[in-house]
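**Student:** missing the sequence, but the structure's below:
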């Protein structure tokens, strides 16, 4: 059988032909390989260079190779964080004509490391917990898309930090299945497999002396199940709100924040019965909100202020007609953020008399006004709007705080 390369891009076969397909993958010469950390695998896996690309090459039987290739393409189409499938090579034979196993080729995710490799380094337990949060986010996103993984583990997941955000990526889809929707039983089974696999790998690392002594492998594997369920419940429960009840949306964001997650994307769909809200969570690094707010708006604030202002900005953006994440025809986030500063942030801050602001800077004032609006809206059970919140804040809150605020100069 002649060598065949099935690729997603017509340019890839020419680059891949330069690799030694007549040699078993385990025996490939060092000149073709790229030394990168790998997780444990039931198959032979190697990183190699093809032109300017770094690729991951995995030997396995033809049918599972083609199946995994198509599954990874499906996950890419629906926007799931996973490695990019590049090609499947079949018809391999050695120099004596003996058949060799086909290979699946994926693109190496730049700047990433297998989760197992991350746990082999000296990490603080707090960082480990954030890594597991990112893995919980990945599992939830897979299950929401109808994908049952069947083999979630530290070796089958890549970690990458991107602009302060922690992100987990699926590597191995060989055991996965894509359905229109997963049942509770399918999700629970997938989650239990993840718990067993993760605890097992952590026990292995503990035995080798690579795991931080404060980490209990069993408890850690169980923790991801709890984090998954908290996040799943918050994201999937009924979320259709009456028109104008935007403080309900803020309540949902606050609950996600209390769980330790941030809102990466929010969509509001209007219908006859109310506003349907969809959230996409993420896990972020310290200082992420400050950097993000500064980049989008030019406002330089403290971290908690930035988080609160970004939540307000995200909620406001989702109500704009030209807000369309991922749509090239929609307004860019930077454009919408500039509009929010001009039309919402600055007019709101200016509504508070300068002589009454004390030592509060504009970001702190706006943060205080948002908190007051939230309190009044919860009490009234409807969104009272910023104008009403500002008027009440100036009348009833600022006078009682004047004794503790230092006046600012003109």
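**Tutor:** Looks like it came in fine. Here the structure is a predicted model, which means the values were calculated and not measured. Residues are numbered from 1 along each chain as shown.
**Student:** who's in contact with the residue lying farthest from the centre of the chain?
**Tutor:** Of all residues in the chain, residue 96 has its C-alpha farthest from the mean position, at 47.8 Å, by Cα atoms, centre = their mean. Not one residue lies near residue 96 by Cβ atoms under 8 Å, 6 or more residues apart in numbering. Glycine gets a C-beta too; all of them are placed from N, C-alpha and C.
**Student:** from residue 198, how far off is it?
**Tutor:** Distance, residue 96 to residue 198, by Cβ to Cβ, to the nearest Å: 43 Å.
**Student:** just residue 291 next, same as before
**Tutor:** For residue 291, the distance to residue 198 - Cβ to Cβ - is 31 Å.
**Student:** between these two, who's got more neighbours?
**Tutor:** The neighbour count for residue 291 versus residue 198, taken as other Cβ atoms under 10 Å, is higher for residue 198 (27 against 15).
**Student:** quick one: that one from residue 218, how far?
**Tutor:** Spatial separation of residue 198 from residue 218 under the definition Cβ to Cβ is 10 Å.
**Student:** now for the host helix or strand of residue 63, which elements pack on it?
**Tutor:** With elements taken from DSSP states H and E, the one containing residue 63 is helix 62-77. Applying 3 or more Cβ pairs under 8 Å, 6 or more residues apart in numbering; DSSP states H and E, we find helix 62-77 packed against strand 85-90, strand 103-107, strand 177-178.
**Student:** which of those strands sits closest to residue 170?
**Tutor:** Across the helices and strands packed on helix 62-77, residue 170 has its closest neighbour in strand 103-107 (10.6 Å, Cβ to Cβ).
**Student:** and the angle from the closest one to helix 62-77?
**Tutor:** Computed with axes from the mean of the first three to the mean of the last three Cα atoms, to 10 degrees, the direction of strand 103-107 lies at 20 degrees from that of helix 62-77.
**Student:** tell me the strands beside strand 103-107, with direction?
**Tutor:** Strands that pair with strand 103-107, judged by DSSP bridges, come out as strand 53-59 (antiparallel), strand 85-90 (antiparallel).
**Student:** quick one: distance of the first one to the chain centre.
**Tutor:** Using Cα atoms, centre = their mean, to the nearest Å, we find the averaged C-alpha position of strand 53-59 to lie 24 Å away from the chain's own average C-alpha position.
**Student:** which other residues reach that strand?
**Tutor:** Contacts with strand 53-59, where a contact means Cβ under 8 Å, 6+ apart, come from 15, 19, 24-25, 34, 36, 41, 43-49, 65, 83, 86, 100-108, 110, 171.
**Student:** out of the helices and strands packed on helix 62-77, nearest to residue 315?
**Tutor:** Ranking those by their distance to residue 315 (criterion: Cβ to Cβ) puts strand 177-178 first, at 32.4 Å.
**Student:** average pLDDT for that closest one?
**Tutor:** Strand 177-178 shows an average pLDDT of 94 in the prediction.
**Student:** measure how far the host helix or strand of residue 49 is from the centre of its chain, please.
**Tutor:** Secondary structure assignment for residue 49, by DSSP H and E: strand 45-50. Here the centre of strand 45-50 is set off from its chain's centre by 26 Å, with Cα atoms, centre = their mean.
**Student:** residues contacting it, please?
**Tutor:** Applying Cβ under 8 Å, 6+ apart, the contact partners of strand 45-50 are 12, 15-16, 18-19, 25-26, 28, 32-36, 38, 54-59, 108.
**Student:** could you pick out the buried ones from these?
**Tutor:** Burial by neighbour count, judged by 16 or more other Cβ atoms under 10 Å, picks out 12, 15-16, 19, 25, 28, 32, 38, 55-59, 108 from the contacts of strand 45-50.
**Student:** can you give me the helices for this structure?
**Tutor:** Per DSSP state H, the chain has helices spanning 12-16, 62-77, 115-119, 125-144, 184-207, 217-236, 246-258, 288-297, 303-318, 333-340, 346-350, 362-380, 386-392, 398-401. These are given in chain order.
**Student:** could you list the buried residues of the second one?
**Tutor:** Going back to what we said before, that points to helix 62-77. Of the residues in helix 62-77, those with enough neighbours to count as buried (16+ other Cβ under 10 Å) are 62, 65-69, 71-72, 74-75.
**Student:** then the shortest one?
**Tutor:** When neighbours are counted by 16+ other Cβ under 10 Å, the buried residues of helix 398-401 are found to be residue 398.
**Student:** go on, the longest one?
**Tutor:** Neighbour counts using 16+ other Cβ under 10 Å place 186-187, 190-191, 193-195, 197-199, 201-202, 204-206 of helix 184-207 among the buried residues.
**Student:** who's in contact with the closest residue to residue 298 other than its chain neighbours?
**Tutor:** For residue 298, ignoring the flanking residues on the chain, the nearest one in space by Cβ to Cβ, 6 or more residues apart in numbering is residue 341 at 7.5 Å. Residue 341 sits next to 297-299 when contact means Cβ under 8 Å, 6+ apart.
**Student:** how many other residues sit next to residue 343?
**Tutor:** Applying other Cβ under 10 Å, we find 11 residues neighbouring residue 343.
**Student:** distance check, it against residue 320.
**Tutor:** Computed with Cβ to Cβ, the distance linking residue 343 and residue 320 is 10 Å.
**Student:** contacting residues for residue 143?
**Tutor:** Here residue 143 is in contact with 182, 187, 190, 232 (criterion: Cβ under 8 Å, 6+ apart).
**Student:** which of those residues sit farthest apart?
**Tutor:** Checking the contacts of residue 143 against each other with Cβ to Cβ, the farthest-apart pair comes out as 190 and 232, at 11.7 Å.
**Student:** low-confidence ranges, the stretch 301-410 of the chain, go.
**Tutor:** Across the stretch 301-410 of the chain, the stretches falling below the confidence threshold (pLDDT under 70) are 325-329, 359, 401-410.
**Student:** can we see that at 80?
**Tutor:** The model of the stretch 301-410 of the chain has pLDDT under 80 over residues 302-304, 318, 323-331, 355-360, 399-410.
**Student:** and the pLDDT at residue 287?
**Tutor:** Here the pLDDT value assigned to residue 287 is 66.
**Student:** list the contacts of the residue nearest to residue 61 when sequence neighbours are not counted.
**Tutor:** Leaving out its chain neighbours, the residue that sits closest to residue 61 by Cβ to Cβ, 6+ apart is residue 101, at 6.5 Å. If you count contacts by Cβ under 8 Å, 6+ apart, residue 101 has them with 25, 59-61, 92.
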